[in-house]
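Chemist: turn this into a structure:
(one chain, ligands or ions: 1)
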Amino acid sequence: MSAAPLIVGGGMAGAALALLLRHHGAGEVVLVESHALAAGEAPDTPSFDARSTALSAGSLAILEQLGLQNAVLENAAGIDTVHVSRRGRLGLARLTAAEQNLPRLGAVVENRWFGHVLLRAVEADPAITLRAPASLTGIRRATDGYEATLDDGEELHTPLLIAADGARSRTRDWLGISARHRDIGHDALIANVGLAEPHRGQAFERFLDEGPLALLPLPGERMALVWTGPRDDVDRWMDLDDNAFLAALRERLGRGMPRLTRVGERARYPLVLSEACAQAVPFAAVVGNAAHTLHPVAGQGFNLTLRDLELLARRVGGDAQPGRLALLEQWAADRRADQSQIGHASRWLPELFRVRQPLFAHSRQLGLLSLDLLPAARKGFGRRAMGL
Ligand SMILES: Cc1cc2nc3c(=O)[nH]c(=O)nc-3n(C[C@H](O)[C@H](O)[C@H](O)COP(=O)(O)OP(=O)(O)OC[C@H]3O[C@@H](n4cnc5c(N)ncnc54)[C@H](O)[C@@H]3O)c2cc1C
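Modeler: Residues are numbered from 1 along each chain as shown. Predicted coordinates:
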């Protein structure tokens, strides 16, 4: 009978949690992932795909605890400045690492490299059992935990079951936890773009009429584009040939923005925001996209998750009864304020910048201007955004 926490989903959240639990004293951990993961190779799964992730300074500090910061940074680009702007308006805010007294505001890593680093660390730890490809086919409540059945018929006993299997989590459903899903009718188009000159560690967040667009630095003279908008617009952007696509993009970027020379393969992601109605029940917890899926506007989804995971691992990692409801409920309660602030901001920002009434236009312009003019406000905003 195993006493190991069992994590369902070996994406960013599940893999990071397995490592954090071990770091904080868990003797053994079982990680179940439905996609095949070839040892030593960069993964290709729904989590570790063609996207890139902006990791905040706070996330890098958590990865440093695991001894993984250097490996991540080996193939990442540091963010030294973030420029926030609105098309057709004056207001422009600028956050800098120097102002925050940080070596960098964060770093951008391609998901496949990030997955490679996390999964290599998972594979190197003999106390983490990685089952992939494998899926759960059901769970049954026991007096002291859960019995989980794998698709090969094997039954695993666990004192703590963790649902990290994404926004449409079946594990969460089996636990009887419902979730609210809000389809905002927008998609995110992602692609890597080539530059005419180095990006010098600059990231750009630009609010357009259709929705926000982000350009994030990548190693070399490349940036990761995340362009969000209504599905019909995204259909059109996907259908454009490369030259027409770059022209449409340049037209929206305006002066002072990087000069783009080429675009790589484009992919799209439907933006369905979701939230689990509970994250802690007896002998089980819900984390990552299964707990909350945010608008990618400020690149906060995984950064928020990593803070959830670090606290969870710290609370339950070394505990002989990690599934105790009091322990899990206290963890969920202690994470509520951060989750609710970041959740509100990522819902509110794209809405605010979509409203076209002059009063709103004026106040948001003032907001951006004051952010640029008032170092204290900027510092406070920057520290929250960096997860500090
Ligand atoms: C366009 C875009 C850009 C983003 N950019 C950023 C950013 O810059 N910064 C940031 O912090 N966040 C960003 N995010 C958010 C980030 O991608 C998510 O926070 C992250 O993917 C959550 O990881 P996860 O492991 O919870 O879920 P997922 O990535 O959905 O992974 C779930 C995993 O579970 C596995 N799985 C599913 N079902 C089962 C099953 N039954 N059994 C076993 N395994 C199963 C899947 O194969 C997958 O590996 C972005 C999101 C989008 C859409």
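Chemist: show me what contacts the spatially most central residue of the chain?
Modeler: Closest residue to the average C-alpha location of the chain: F302 at 2.4 Å, with CA atoms, centre = their mean. Contact analysis of F302 by CB atoms under 8 Å, 6 or more residues apart in numbering lists M12, A13, T53, L55, S59, G288. (Glycine included, C-beta is placed from N, CA and C.)
Chemist: and the one helix or strand it maps to, is it in reach of the ligand?
Modeler: Assigned by DSSP states H and E, F302 falls within helix 301-316. Yes: residues of helix 301-316 contacting the ligand under CB under 6 Å from any ligand atom: G301, F302, N303, T305.
Chemist: and for stretch 115-133?
Modeler: No: between stretch 115-133 and the ligand, judged by CB under 6 Å from any ligand atom, nothing touches; the nearest distance is 8.0 Å.
Chemist: from the chain's centroid, how far away is that stretch?
Modeler: 20 Å (CA atoms, centre = their mean, to the nearest Å).
Chemist: one more: stretch 101-110?
Modeler: Counting by CA atoms, centre = their mean, stretch 101-110 comes out at 15 Å from the chain centroid.
Chemist: near the ligand, anything from it?
Modeler: No: against the ligand, stretch 101-110 shows no contacts by CB under 6 Å from any ligand atom, the least distance being 7.2 Å.
Chemist: now do the end-to-end distance for that stretch.
Modeler: This stretch, stretch 101-110, spans 26 Å end to end (CA to CA, to the nearest Å).
Chemist: ok, stretch 55-74 next?
Modeler: 14 Å.
Chemist: hang on, G115 in a helix?
Modeler: Yes: assigned with DSSP: H, G, I helix; E, B strand; the rest coil, G115 falls within a helix.
Chemist: tell me who's in contact with it.
Modeler: G115 is in contact with M12, A15, A42, P43, T45, S47, F48, counting by CB under 8 Å, 6+ apart.
Chemist: same question, G254
Modeler: Going by CB under 8 Å, 6+ apart, the list of residues near G254 reads R87.
Chemist: alongside the ligand, which residues does the stretch 101-250 of the chain contribute?
Modeler: Residues of the stretch 101-250 of the chain lying near the ligand (CB under 6 Å from any ligand atom): S135, L136, A164, D165, G166, R170, A188, I190, V226.
Chemist: let's see which of the residues you listed end up in helices.
Modeler: Among those, the members falling in helices are R170 (criterion: DSSP state H).
Chemist: most surrounded residue in the residues of the stretch 101-250 of the chain next to the ligand?
Modeler: Counting neighbours by other CB atoms under 10 Å, A164 comes out on top of those with 32 neighbours.
Chemist: give the contact list for it.
Modeler: Contacts of A164 (CB under 8 Å, 6+ apart): I7, V8, G9, G10, G11, A13, G14, L17, V287, G288, A290.
Chemist: swap the cut-off to 10 Å and go again
Modeler: Residues in contact with A164, defined by CB atoms under 10 Å, 6 or more residues apart in numbering, are 7-18, 31-33, 47, 171-172, 285-291, 305, 309.
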